[in-house]
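Visitor: Predicted model, plus sequence, below.
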Amino acid sequence: QVQLVESGGGLVQSGGSLRLSCAASGGIFATDVMGWYRQAPGKQRELVADINLLGITTYSDSVKGRFTITRDNNKNTATLQMNSLKPDDTAVYYCNAKGEYFRQSSGRYSKHSFNSWGQGTQVTVSS
């Protein structure tokens, strides 16, 4: 299966910036969509931004104009640059990746889909 490792996050004052990074690894795979979700206490997990293999991005209305998602297809990484942070952005941020991986058995490869999550990283914005 494909594993995701996140880095970044932390504590920042309102109006500040943070950068989150996510790296995918694990055998032979191709990642179609990489994205970031967040979950605040008492709330459901929500999409923040995602980006597909062609670089087409989607943002939640609450972060448009402030956050930027990018990816490096060669390195299987995705980065979320967060600017003009607000206290409402406080949450645990999770990296997500969807795609296909290839498993070898008896000299033959079979293709399987995956939907992997990172362990989560805390982002706290103080007012």
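Guide: Sure, I can see it. Numbering: from 1, shown residues only.
Visitor: Contacts for the helix or strand where V125 lies, please.
Guide: Counting by DSSP states H and E, the element that carries V125 is strand 121-126. With Cβ atoms under 8 Å, 6 or more residues apart in numbering as the contact definition, strand 121-126 has outside contacts at 6-14, 16, 18, 20, 38, 82, 85-94. Where you see a C-beta, it was placed from the backbone N, CA and C, and this is true even at glycine.
Visitor: Buried subset of those residues as a ChimeraX selection?
Guide: Here is the ChimeraX command that picks out the buried ones among the contacts of strand 121-126, judged by 16 or more other Cβ atoms under 10 Å:
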select :6,8,9,12,18,20,38,82,85,89,90,91,92,93,94
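Visitor: In strands, which of the contacts of strand 121-126 appear?
Guide: If you go by DSSP state E, the contacts of strand 121-126 have 6-8, 10-13, 18, 20, 38, 82, 91-94 in strands.
Visitor: out of the residues you listed, who's nearest G118?
Guide: When those are ranked by distance to G118 (Cβ to Cβ), E6 comes first, at 4.2 Å.
Visitor: What's opposite that closest one in the beta bridge?
Guide: On the basis of DSSP bridges, E6 is bridged to C22.
Visitor: Now do the same contact list for it.
Guide: 20-22, 93-95, 118-121.
Visitor: Repeat the analysis, applying 10 Å as the threshold.
Guide: By Cβ atoms under 10 Å, 6 or more residues apart in numbering, the contact set of E6 is 20-23, 36, 78, 80, 93-95, 117-121.
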